[in-house]
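S.K.: Provided below for reference: sequence and predicted model.
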Amino acid sequence: MGALSIFELLFLISIVFYTIQQKIFIKGFRRKLKTNDNYEPNVTIIVAARNEEKNIRNCLSSLVEIDYPEEKLEIVIVDDYSTDNTGKIIDEFTTKYPNIKKVIPTLRVIQKPGKTNAIVNGIKNSSGEIIFTTDADCVVKPSWIKTQIKYFTDNVGVVTGFTFQKAYSQFTGMQNLDWVYLLTVAAGTINLGLPLSCIGNNMAYRRDAYDWVGGYENIKFSVTEDFALLHKIHKHTHYEVVFPVELEGINISEPCSDWKSLYRQKHRWGKGGLDAPLIGFVIMFWGWLSHFLILLQIFFGSVFTLILTALKFLSDLIFLTIPLKKFKMLNQLKYFISFEIYFILYVLILPLVVFIDKKVIWKEREY
């Protein structure tokens with residue numbers, strides 16, 4: 001075998017760094033976290049809902065089944081000026097269940113209307129020592145609170161967790177594998193002390209940590225408000241952030257129903273990701289470069305680069321298999337090929353979209 005070409009050498013370097021990163025993420029994913037098994041504080045669950053009549057009933061039905069002392073559990077549903085039947089469905093539950101409270105976000109704390117302002121209104125109308133958040137299109141397990149709450153040791157201020165999506169087709173299955181991949185990266189980096197991202201539909205934080213940083217009122221506005229709060233607490237308090245990996249702590253979300261809504265979701269996440277620390281951009285760079293070089297094989301490829309591409313796909317397969325096995329979801333690997341095609345394309349395209357398309361549209365609102 002002769003000397004490697006510049007293209008082959010660059011391809012080799014990118015794949016090496018890409019796979020090394022994955023090994024590091026899995027190390028964090030597998031890290032054993034300390035627990036406080038006797039901790040049972042007053043808890044508030046906050047759900048911001050806007051035009052969610054298709055999903056809110058299932059969400060509320062799962063929330064009222066949570067296995068936690070009723071006198072210590074408060075559920076606050078913020079009806080963010082819905083124009084459909086969301087408000088009426090919430091009223092049905094508030095009438096039947098005394099620990100469910102409906103809030104209308106009349107207080108404009110955040111200048112831009114939307115989810116952040118809704119959550120702030122929910123927090124101001126709540127009393128729990130620990131605040132949990134999920135979304136109106138999510139279903140939670142009865143064990144959700146008890147599973148996550150025990151990770152609030154004295155030095156922990158934020159506990160975030162896994163949310164997966166319903167998968168019943170190649171389109172929805174590739175979305176679910178994408179979430180598995182991204183949240184495994186998030187768990188790995190958070191548990192190694194380098195919080196890069198989280199997902200607000202499975203997140204909990206101490207009220208005093210929230211108050212310490214001045215709440216959302218004192219945080220630069222972000223279309224990914226959960227991500228912004230996590231970083232603020234991590235940087236400006238003594239509290240740690242942890243990401244437990246437990247089957248009984250996962251939530252299930254509805255997938256995007258079409259390419260338009262999927263584009264808007266990724267676009268919003270991409271915009272929010274611009275506030276990530278430098279290490280986040282380094283991690284994204286090796287993923288972007290590896291995928292870019294895979295496409296460039298059309299012009300400069302060789303047998304060697306094809307082997308490296310196969311190794312990259314194998315590395316992704318192994319990387320996904322570890323959390324899927326943990327969560328008893330190995331059947332989701334049937335969507336792996338669809339995921340890889342989707343993964344390569346959006347990793348390459350998203351940076352361009354973020355810089356070209358300045359407007360973020362979410363829940364019929366423009367940011």
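M.R.: Great, that's in hand.
S.K.: Go ahead and measure how far the helix or strand residue 120 falls within is from the middle of the chain.
M.R.: Assigned by DSSP states H and E, residue 120 belongs to helix 115-124. Remark: helix 115-124 is offset 19 Å from the chain centroid, using CA atoms, centre = their mean, to the nearest Å.
S.K.: Tell me which residues are up against that helix.
M.R.: Contact partners of helix 115-124, identified using CB atoms under 8 Å, 6 or more residues apart in numbering, comprise 44, 46-48, 50, 76, 78, 80, 103-110, 131, 133, 207, 210, 215-217, 221-222, 225, 362-363. C-beta coordinates here come from the backbone N, C-alpha and C atoms, glycine included.
S.K.: where do the helices sit along the stretch 101-250 of the chain?
M.R.: Along the stretch 101-250 of the chain, the stretches classed as helices by DSSP state H, counting those that start in this stretch are 115-124, 144-149, 170-191, 207-212, 225-236.
S.K.: Let's have those in TSV, adding mean pLDDT, mean neighbour count and distance to residue 21.
M.R.: Below are those laid out as TSV (pLDDT from 0 to 100; neighbours: other CB atoms under 10 Å; distance: least, CB to CB, whole Å):
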stretch	mean pLDDT	mean neighbour count	distance to residue 21
helix 115-124	94	23	31
helix 144-149	98	22	27
helix 170-191	97	22	8
helix 207-212	96	17	29
helix 225-236	91	21	20
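S.K.: nearest to residue 319, of the ones you listed?
M.R.: Minimum separation from residue 319 across the helices of the stretch 101-250 of the chain (CB to CB) falls at helix 170-191, 7.0 Å.
S.K.: Distance from the chain centre to that closest one, please.
M.R.: 8 Å.
S.K.: Tell me what angle it forms with helix 225-236.
M.R.: Helix 170-191 runs at 10 degrees relative to helix 225-236, counting by axes from the mean of the first three to the mean of the last three CA atoms, to 10 degrees.
S.K.: mind exporting helix 170-191 as CSV, just the C-alpha atoms?
M.R.: Only the C-alpha atoms of helix 170-191 are listed here, as CSV (Å, rounded to 0.1, in the frame of the first residue of the first chain):
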residue,chain,number,x,y,z
GLN,A,170,-39.1,5.2,8.8
PHE,A,171,-39.8,8.9,9.1
THR,A,172,-40.7,8.8,12.8
GLY,A,173,-38.1,6.1,13.5
MET,A,174,-35.2,8.1,12.2
GLN,A,175,-36.3,11.0,14.4
ASN,A,176,-36.3,8.8,17.5
LEU,A,177,-32.8,7.4,16.7
ASP,A,178,-31.7,11.0,16.3
TRP,A,179,-33.0,11.9,19.8
VAL,A,180,-31.4,8.8,21.2
TYR,A,181,-28.1,9.8,19.6
LEU,A,182,-28.2,13.4,20.7
LEU,A,183,-29.4,12.8,24.2
THR,A,184,-26.7,10.1,24.7
VAL,A,185,-24.1,12.8,23.8
ALA,A,186,-25.9,15.2,26.2
ALA,A,187,-25.8,12.6,29.0
GLY,A,188,-22.2,11.8,28.4
THR,A,189,-21.0,15.4,28.4
ILE,A,190,-23.1,16.4,31.4
ASN,A,191,-22.0,13.5,33.5
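S.K.: just the strands in the chain please.
M.R.: 43-49, 73-79, 100-103, 130-135, 138-139, 156-160, 163-165, 203-206, 240-242, 251-253, 361-362, 365-366 (DSSP state E).
S.K.: Out of those strands, the one nearest residue 265 is which?
M.R.: Judging those by CB to CB, what sits closest to residue 265 is strand 361-362, at 8.2 Å.
S.K.: what's the model's confidence in that closest one, averaged?
M.R.: In this model, strand 361-362 has a mean pLDDT of 70.
S.K.: Quick one: the helices of the stretch 101-250 of the chain as JSON lines, columns for distance to residue 72 too.
M.R.: Listed next are the helices of the stretch 101-250 of the chain as JSON lines, based on distance: least, CB to CB, whole Å:
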{"stretch": "helix 115-124", "distance to residue 72": "17"}
{"stretch": "helix 144-149", "distance to residue 72": "9"}
{"stretch": "helix 170-191", "distance to residue 72": "27"}
{"stretch": "helix 207-212", "distance to residue 72": "14"}
{"stretch": "helix 225-236", "distance to residue 72": "23"}
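S.K.: To residue 272, which of those lies closest?
M.R.: Per CB to CB, nearest to residue 272 of the helices of the stretch 101-250 of the chain: helix 225-236, 5.3 Å.
S.K.: Distance from the closest one to the middle of the chain?
M.R.: 14 Å.
S.K.: Who are the packing partners of it?
M.R.: If contacts are counted by 3 or more CB pairs under 8 Å, 6 or more residues apart in numbering; DSSP states H and E, helix 225-236 sits against helix 115-124, strand 156-160, strand 203-206, helix 207-212, strand 240-242, helix 259-273.
S.K.: Let's have those in JSON lines, adding distance to residue 329.
M.R.: Below are the helices and strands packed on helix 225-236 laid out as JSON lines (distance: least, CB to CB, whole Å):
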{"stretch": "helix 115-124", "distance to residue 329": "28"}
{"stretch": "strand 156-160", "distance to residue 329": "19"}
{"stretch": "strand 203-206", "distance to residue 329": "21"}
{"stretch": "helix 207-212", "distance to residue 329": "32"}
{"stretch": "strand 240-242", "distance to residue 329": "22"}
{"stretch": "helix 259-273", "distance to residue 329": "21"}
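S.K.: for the ones you listed, which one sits closest to residue 13?
M.R.: Smallest distance to residue 13 across the helices and strands packed on helix 225-236 (CB to CB): 24.2 Å, for helix 259-273.
S.K.: got the CA positions of the closest one in CSV?
M.R.: Taking C-alpha atoms only, helix 259-273 is exported to CSV below (Å, rounded to 0.1, in the frame of the first residue of the first chain):
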residue,chain,number,x,y,z
TRP,A,259,-40.8,17.7,7.0
LYS,A,260,-41.9,21.3,7.6
SER,A,261,-42.3,20.8,11.4
LEU,A,262,-39.1,18.8,11.5
TYR,A,263,-37.3,21.6,9.8
ARG,A,264,-38.6,24.2,12.2
GLN,A,265,-37.6,22.0,15.2
LYS,A,266,-34.1,21.5,14.0
HIS,A,267,-33.8,25.2,13.0
ARG,A,268,-34.9,26.3,16.5
TRP,A,269,-32.4,23.9,18.1
GLY,A,270,-29.6,25.1,15.8
LYS,A,271,-30.3,28.7,16.7
GLY,A,272,-30.2,27.9,20.4
GLY,A,273,-27.0,25.9,19.9
